[in-house]
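Undergrad: everything below, folded, please.
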Amino acid sequence: MNFISRLFHTFFSSDDNYNALYRFFDTSSSIMLLLDPESGKIINANEAASRYYGYPLEHLVGMSIATINTLPPERVKEERKRALMEERNYFNFKHQRANGEIRDVEVFSTPINLKERKVLFSIIHDITDRKQIEQELIQKSEDLATQETLFKQILDTSSVAIFLVDMTGHITQANQRMAEMFHYPNKEILQGKEYVELIHSSEKEIGRQKMLALLGSKIASVDLERIYRRSDGSSFWGRLTGKRFYDAKGVEIGLVGVIADIDDRKYIQQCEQHHKQILQMIANTSPLSTILHAMIGDIEAIHHHRIGCSIVLFDETNHKLTLGATSNALELLNSTIINAARNNDDFLTHLMHLSPQPHLFSSLNQEAWWYENIKCITLENAEHCWLNPVVSAFGKPLGLFIICALQHQPLTLREMKLIEDEVQFIALAIEKSKSDAKLKLAASVFTYAKEGIIITDPYGTIIEANDAFVRTTGYPLSEIIGNNPRILKSGRQEMPFYTQMWQSILTAGNWQGEIWNRRKDGSIYAERLTISAIKDSEGEVQNFVALFTDITTMKEHEEELEHLAQHDALTSLPNRILLWDRLGQAIAEAQRYNAHLAVLYIDLDGFKEVNDTYGHNVGDELLIAVSKRITSLLRKNETIARLGGDEFVALLTDLKEPYECEPIVKRILQSMNEVIEIHGIDLSISASIGISFYPDDSLGAEELILHADKAMYYAKQSGKNCYAFFSHLDT
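TA: This is a model prediction of the structure:
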């Protein structure tokens, strides 16, 4: 996958970056198309393409590329296949415009992934003029030998620079176009100059060696692109074609050279290459400082160090400026601006509120807030220095881009356009860097969080889970990805619970509470769960994120505490607190259904003797055994509680008549009369039971127990091992 493919794959996962790239695509001055590699249909085109081909944008999109390309459709399809397989990326075609005009074009085409779909991304350059120039050059070179009388006229009317060099390397003749190209007032001034003096200093020595090799017959001709230097010190790219020149007798008398001004084309190519490199670095998540230094270096190189530039950044809190990258020539200016922002809040505030457009330094010097802080720097070329704020897609200040012409010449129109382009790329790099940092932090939190985290798609399918989730549930990632969280359901919560939960998520955007789930091994665990809906800018749910903490141990501890608070520590029977609660519920139930309730107050006969004879340990074991015997005789909805010592209270419910309880009472007495073996010791005890009824004896819980207690004492006084009804005490 080449870098443009990776670029689109990286940026289209984020809405902000997706929109930024499409804005760049739509507003680029280069002709750009997105093609379906199978059908050849144009999926998308920018405004530059619409203007170039002469079709309305809505007409151009959906058109087959075969309508534009003059090659046979099968050949066009073959070339698309070559581009798709990346066997070849550069092509020369003839394209037909809407008005029927056929133009020569150079096409760069490469496959990219666009929203899970592979398409061809194509950049088109019109090379018709270049081809025409080349044809002119070839034609003129061929005609020179036979049309010497027209030589002077050709020289002066040509659109390219044509010159002759003698065997010493000095120019003997030059046409008017050459004088114009190098900014000389007339062509005569060029005569006698050494040719290599016209070459930029960075390539002068290489140019000299090439010329000597050509004069020495070591090479037959030259055809190359190089940087030239004009008389005013400015530079430009030219394409040189040269070969040896002979007189009518065949004697070599020097060289003939032709220079075509390709500066505009070369400038566009270099800027495009620069932008591709920066986009590739952004896509590869290169450090922001590396990207910004590369931008400064590229800009300097493209302009042959005629201009200098720098980038200063606002920090996250917008409380200070920091240096991002700079040309050496602007170091003092940068430090002055940064220090001024550090020492003067008003200066920093004004910088942050500058409108996002180029501001000329000479205009800023008219502002007191600027001049008072920057006046210590003498800028002779303030008329050629610009400052452009860098802002995010939402208008948040990100930094400043400063660019200055270093040769006391104003910036050209294309260089002013460069400011606009570079500001967009700087903003893109900064926002992507911040986004990457946040993603890295989020990924770190996701990976190392102690809480379990899962992410689902809008339909509830799990697409990601962290290590804590795997540890807690026992499900490996391979089994959980692609599944629905309902595989964790324990069955403890019923459907209304989940209905309410999802209603909260879809209306309020989140839900939190406690839930019981099931691990892979079948064990049940409790968790404190938070579910949040993640929505896009249109309010549509894109994902659900669930974060949970295992609270099983805490829940078990709570249950233990609750059990201890309401149950007897020795027998685990309900204690006095729970007895009162259940008695209150039983009375309410009996009242609701017009039923009867019996309260049995049970006291063991002979327990004190056992305790005194065999000790408390045996006595405790005896109480546990008694509690189990009585419990086994009661129904599930009935209660046996220990009040303390050897006293118990039983609640018998759902009695149609009060005396329905007598069979159970008799079984309890019989059970107590049976020998109980503790550690090999046969123990014999009995019980005395007092009984009160609701509603016959009382309507209140406290009175019912007091009455049953009173009846129990009556039973003891009556000889023990018997039961007595409170209602019979007065008879």
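Undergrad: could you chop the protein up by domain?
TA: 3-126, 130-261, 267-438, 449-555, 567-728 (automatic domain parsing).
Undergrad: turn the ones you listed into a markdown table, columns for mean pLDDT, mean neighbour count and distance to L561.
TA: Every C-beta, even on glycine, is put in place using the N, C-alpha and C of the backbone. Compiled in a markdown table, the domains of the chain are given as follows (pLDDT from 0 to 100; neighbours: other C-beta atoms under 10 Å; distance: least, C-beta to C-beta, whole Å):
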| stretch | mean pLDDT | mean neighbour count | distance to L561 |
| --- | --- | --- | --- |
| domain 3-126 | 85 | 17 | 49 |
| domain 130-261 | 85 | 16 | 83 |
| domain 267-438 | 86 | 17 | 43 |
| domain 449-555 | 89 | 15 | 11 |
| domain 567-728 | 92 | 17 | 11 |
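Undergrad: contacts only, for D104.
TA: Contacts for D104 (C-beta atoms under 8 Å, 6 or more residues apart in numbering) come out as 92-94, 126-128, 130-131.
Undergrad: let's have these in a markdown table, adding secondary structure and distance to L655.
TA: Listed next are the contacts of D104 as a markdown table, based on DSSP: H, G, I helix; E, B strand; the rest coil; distance: C-beta to C-beta, whole Å:
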| residue | secondary structure | distance to L655 |
| --- | --- | --- |
| N92 | strand | 104 |
| F93 | strand | 101 |
| K94 | strand | 105 |
| D126 | strand | 103 |
| I127 | coil | 106 |
| T128 | helix | 108 |
| R130 | helix | 110 |
| K131 | helix | 111 |
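Undergrad: what segments of the stretch 551-700 of the chain are strands?
TA: 596-605, 639-644, 647-655, 676-678, 681-683, 686-694 (DSSP state E, counting those that start in this stretch).
Undergrad: what's the longest helix in the protein?
TA: Using DSSP state H to assign secondary structure, the helix with the most residues in the chain is helix 413-448.
Undergrad: partners of the next helix or strand after that one, with directions?
TA: Downstream of helix 413-448, the next assigned helix or strand under DSSP states H and E is strand 452-456. Strand pairing for strand 452-456, determined by DSSP bridges: strand 462-465 (antiparallel), strand 541-550 (antiparallel).
Undergrad: hmm, who's touching the longest one?
TA: Contact partners of strand 541-550, identified using C-beta under 8 Å, 6+ apart, comprise 449-458, 460, 463, 472, 485, 505-506, 525-536.
Undergrad: report the central residue of the protein.
TA: L439 (5.3 Å; C-alpha atoms, centre = their mean).
Undergrad: and that one, what's its pLDDT?
TA: pLDDT for L439: 73.
Undergrad: go on, the one 5 residues further on?
TA: S444 is assigned 72 on the pLDDT scale.
Undergrad: give me the distance between it and A437.
TA: 11 Å (C-beta to C-beta, to the nearest Å).
Undergrad: again with M501
TA: Distance of M501 to A437, given as C-beta to C-beta: 34 Å.
Undergrad: cool, I419 as well?
TA: 27 Å.
Undergrad: residues contacting the closest residue to M416 other than its chain neighbours?
TA: In this structure, M416 finds its nearest non-sequential neighbour in P358, 6.9 Å apart by C-beta to C-beta, 6 or more residues apart in numbering. For P358, the contact set (C-beta under 8 Å, 6+ apart) comprises 386-388, 416, 419-420.
Undergrad: measure L60 to L35 for me?
TA: Taken as C-beta to C-beta, the span from L60 to L35 is 12 Å.
Undergrad: who wins for proximity to R492 among the strands of the stretch 551-700 of the chain?
TA: Closest of the strands of the stretch 551-700 of the chain to R492 is strand 639-644, at 25.1 Å (criterion: C-beta to C-beta).
Undergrad: can you list contacts of the closest one?
TA: 568, 570-571, 573-576, 578-579, 582-583, 586, 623, 627, 630-631, 634, 648-651.
Undergrad: pretty sure I515 sits against Y525.
TA: No. In this structure I515 lies outside contact range of Y525 using C-beta atoms under 8 Å: 9.8 Å.
Undergrad: shared neighbours of the two, which are they?
TA: Shared contacts of I515 and Y525, defined by C-beta under 8 Å, 6+ apart, are absent.
Undergrad: one step back: quick one: which of the contacts of P358 is nearest S29?
TA: Nearest to S29, judged by C-beta to C-beta, of the contacts of P358 is E420 at 10.6 Å.
Undergrad: adding distance to Y694, write the strands paired with strand 452-456 out as JSON lines.
TA: Listed next are the strands paired with strand 452-456 as JSON lines, based on distance: least, C-beta to C-beta, whole Å:
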{"stretch": "strand 462-465", "distance to Y694": "56"}
{"stretch": "strand 541-550", "distance to Y694": "45"}
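Undergrad: what residues are up against T552?
TA: Residues near T552 by C-beta under 8 Å, 6+ apart: 525-527.
Undergrad: apologies, that question was intended for T461.
TA: Contacts of T461 by C-beta under 8 Å, 6+ apart are 482-484.
Undergrad: mind listing what A179 touches?
TA: 185-187, 189-190.
Undergrad: you'd agree D126 is up against V105?
TA: Yes. Proximity of D126 to V105 meets the contact threshold set by C-beta under 8 Å, at 5.7 Å.
Undergrad: end-to-end on stretch 680-700?
TA: Using C-alpha to C-alpha, to the nearest Å, one end of stretch 680-700 lies 44 Å from the other.
Undergrad: restricted to helices, list the contacts of strand 639-644.
TA: 576, 578-579, 582-583, 586, 623, 627, 630-631.
Undergrad: now distance to L604 too, for those, in a markdown table please.
TA: A markdown table is the format used below for the ones in helices among the contacts of strand 639-644 (distance: C-beta to C-beta, whole Å):
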| residue | distance to L604 |
| --- | --- |
| R576 | 17 |
| L578 | 21 |
| L579 | 18 |
| R582 | 22 |
| L583 | 21 |
| A586 | 24 |
| L623 | 8 |
| S627 | 11 |
| I630 | 11 |
| T631 | 15 |
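Undergrad: tell me which of these is nearest to L114?
TA: L578 (67.7 Å).
Undergrad: ok, that closest one to Q585 distance?
TA: Distance from L578 to Q585, counting by C-beta to C-beta: 10 Å.
Undergrad: what does S335 give?
TA: 81 Å.
Undergrad: and the helices in the stretch 201-350 of the chain?
TA: In the stretch 201-350 of the chain, the helices defined using DSSP state H, counting those that start in this stretch lie at 204-215, 263-283, 288-302, 331-343, 345-352.
Undergrad: between those, which gets nearest to L477?
TA: Short answer: helix 263-283, nearest of these by C-beta to C-beta, at 27.0 Å.
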